[in-house]
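Novice: Have a look; sequence and predicted model below, questions after that.
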Amino acid sequence: MGTSVFYIVAILSIFFSLMVIFAKNPVHSVLYLIVTFFTFTIHYILLNAQFLAVVNFIVYMGAIMVLFLFVLMLLNLNEENEPTKSNLVKVIGVIAGCCLVVTLIGSLKATALADPLVLKNPNLGLVKNLGKELFGPFMLPFELASVLLLTAMVGAVLLTKKEKV
C-alpha cells in the first residue's frame with residue numbers, strides 16, 4: 001500500500017513539474033507549481049517528516065506561491081511585452097538540460113547500488129520531538145529569534161507609516 005501511494009504521488013509530482021515548465025500561461029505555471037508543492041508535502045508525510053510537511057504547506061504553498069501568483073497577475077504579461085529569446089540563450093538552455101539529464105542518470109545509478117534507508121528511530125521527524133528540543137535546551141535562542149522577528153516587524157510597520165505634516 002505504501003509503495004503504491006509513493007509511486008502514484010511520484011508520478012503526479014513529475015507530471016505537474018513538467019506542466020510548470022511547458023505551460024504557456026505564467027499563471028497556469030504557478031498554479032501547477034502549487035500542486036507540485038502539494039505533492040511534495042505528501043512525500044514528506046510518507047517519510048514521517050511531519051514538521052517539514054507543515055512548513056512546506058504553510059510557507060511555500062500558502063505564502064510564497066500565492067505571492068508569485070499575485071505578482072504575475074499584477075504584471076499582466078502577454079506576448080507583445082515578452083522579448084524574443086536569442087539563439088545563444090536557446091543553446092545554453094539545451095546544454096543545461098543535457099547536464100541535468102546526465103546528473104539524473106548518474107544519481108539513479110548511484111541509488112541502484114546503495115542499500116535502502118532503514119530508520120533506527122521511527123519517531124524521527126515527529127513534531128513532538130522537535131518541540132521538546134526547541135523548548136528544552138534551545139529555549140533561549142528560540143525566544144531571542146522570536147523577539148528579533150517581532151522587532152523587525154514593528155520596524156517595517158514604522159518605516160512604511162506616513163508621517164502627518
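Specialist: On my side now, so go ahead. As the structure is a prediction and not an experimental result, all values here were calculated from the model. Numbers count the residues shown, from 1 in each chain.

Novice: does Leu130 really touch Leu52, like I thought?
Specialist: No - taking contacts as C-beta atoms under 8 Å, Leu130 lies outside contact range of Leu52: 9.9 Å. For the C-beta atoms, the positions are set from N, CA and C on the backbone; glycine is no exception.

Novice: Quick check: mean pLDDT of the longest helix belonging to the chain?
Specialist: Here the longest helix in the chain is taken by residue count, with DSSP state H as the criterion, and it is helix 87-113. Averaged across helix 87-113, the pLDDT comes to 86.

Novice: where's Ile21, which helix or strand?
Specialist: Here Ile21 sits within helix 2-22, counting by DSSP states H and E.

Novice: Show me which residues of that helix are buried.
Specialist: The neighbour-count check on helix 2-22 (16 or more other C-beta atoms under 10 Å) flags 9, 13, 16-17, 19-20 as buried.

Novice: For the residues you listed, work out which two are farthest apart.
Specialist: In terms of C-beta to C-beta, the buried residues of helix 2-22 reach their longest pairwise distance at Val9 and Val20, which sit 16.3 Å apart.

Novice: In stretch 32-50, which residues are buried?
Specialist: When neighbours are counted by 16+ other C-beta under 10 Å, the buried residues of stretch 32-50 are found to be 32-45, 49-50.
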